[in-house]
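>>> sharing a model that was predicted from the sequence below.
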Amino acid sequence: FFAARSFYENRRLRRVRYEDQEARRDIDGIMTGPDMFVAMAKKRSFRPSACLWTIKRSLIEDAQLRFREDMIHEDLLFTLMAFPLGNRTEFINVPLYQRRLRENSIMTATFSMNNVDGMFKAGQIMWNWLNGHVSDPRYQEDFLDAMAARILDNFEVAARYLWDIDQRDMK
């Protein structure tokens, strides 16, 4: 995992969609994916972006992990599904990625029911995964708790999106 630096197409966008990618706290050491997720959760250093980490292709292939094409926020789901796969992870808190924010992209456009649907689907899928792995001896309680908290945050974000959605889109 590594950090990013955001830059904006214009000042208005920076004002209305500011994201502080660089305010992540260091996490020292090499650890399993679940332990890294716990450390990131505790230090509020988790970012749900698939472009902020690299992973061995064989791990993705063996797990048959793919980005879903039927939703937005698919990188959140993909990232959460990848964490349990890692045996050796590390966080390098250096901005190795430049994140450009531009007008009318999926992430800067007005929120819609697609945003709500994507966050809710990601939460549902992860909730089902979590329920299927609660008794799995590979995962400690702190990981399961951190994952549950993140899933509940997904549902909260989906609900907050509803405040910004045009009533016509809700119908």
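Noted; the coordinates are in hand.
>>> let me know the next secondary structure element after the longest strand seen in the chain.
Secondary structure of the chain per DSSP state E: the longest strand is strand 92-101. Using DSSP states H and E, the helix or strand that follows strand 92-101 in sequence is helix 113-133.
>>> just checking, Ala63 touches Leu85?
Yes. The pair Ala63 / Leu85 is scored as a contact, 5.6 Å apart, by C-beta atoms under 8 Å. In short, each C-beta sits where N, CA and C put it, glycine included.
>>> so between the two, which is more surrounded?
Leu85 (18 against 12; other C-beta atoms under 10 Å).
>>> quick one: contacts for that one?
Listed by C-beta atoms under 8 Å, 6 or more residues apart in numbering, the contact partners of Leu85 are 33, 55, 59-60, 63, 65.
>>> do the same with Ala41
Here Ala41 is in contact with 146, 149-150 (criterion: C-beta under 8 Å, 6+ apart).
>>> could you redo the last one with a cut-off of 6 Å?
Shown in contact with Ala41 (C-beta atoms under 6 Å, 6 or more residues apart in numbering): Ala146.
>>> tell me which helix or strand comes right after the helix or strand harbouring it.
Element membership for Ala41 (DSSP H and E) is helix 33-43. Remark: after helix 33-43, the chain's next helix or strand is helix 57-63, criterion DSSP H and E.
>>> what sits up against stretch 127-143?
Under C-beta under 6 Å, 6+ apart, the answer for stretch 127-143 is 34, 38, 147, 151.
>>> show me which residues of that stretch are buried.
Using 16 or more other C-beta atoms under 10 Å as the test for burial, stretch 127-143 gives 127, 130, 139, 143.
>>> dihedrals phi and psi, the last one?
Geometry field for Phe143 lists phi and psi as phi -70, psi -50, criterion degrees, to the nearest 10.
>>> show me the contacts for the residue positioned nearest the centre of the chain.
The centre of the chain sits closest to Pro48, judged by C-alpha atoms, centre = their mean, with a distance of 1.9 Å. Taking C-beta under 6 Å, 6+ apart, we find Pro48 in contact with 76, 79.
>>> what about it, distance to Glu61?
22 Å (C-beta to C-beta, to the nearest Å).
>>> next: Ala159.
35 Å.
>>> please, a ChimeraX command that selects the buried ones among the contacts of Leu85?
In ChimeraX, this line selects whichever of the contacts of Leu85 come out buried by 16+ other C-beta under 10 Å:
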select :33,55
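>>> now the contacts of Leu85 as CSV including distance to Thr79 and pLDDT?
CSV is the format used below for these (distance: C-beta to C-beta, whole Å; pLDDT from 0 to 100):
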residue, distance to Thr79, pLDDT
Gly33, 11, 96
Ile55, 10, 95
Leu59, 13, 95
Ile60, 12, 95
Ala63, 13, 95
Leu65, 10, 95
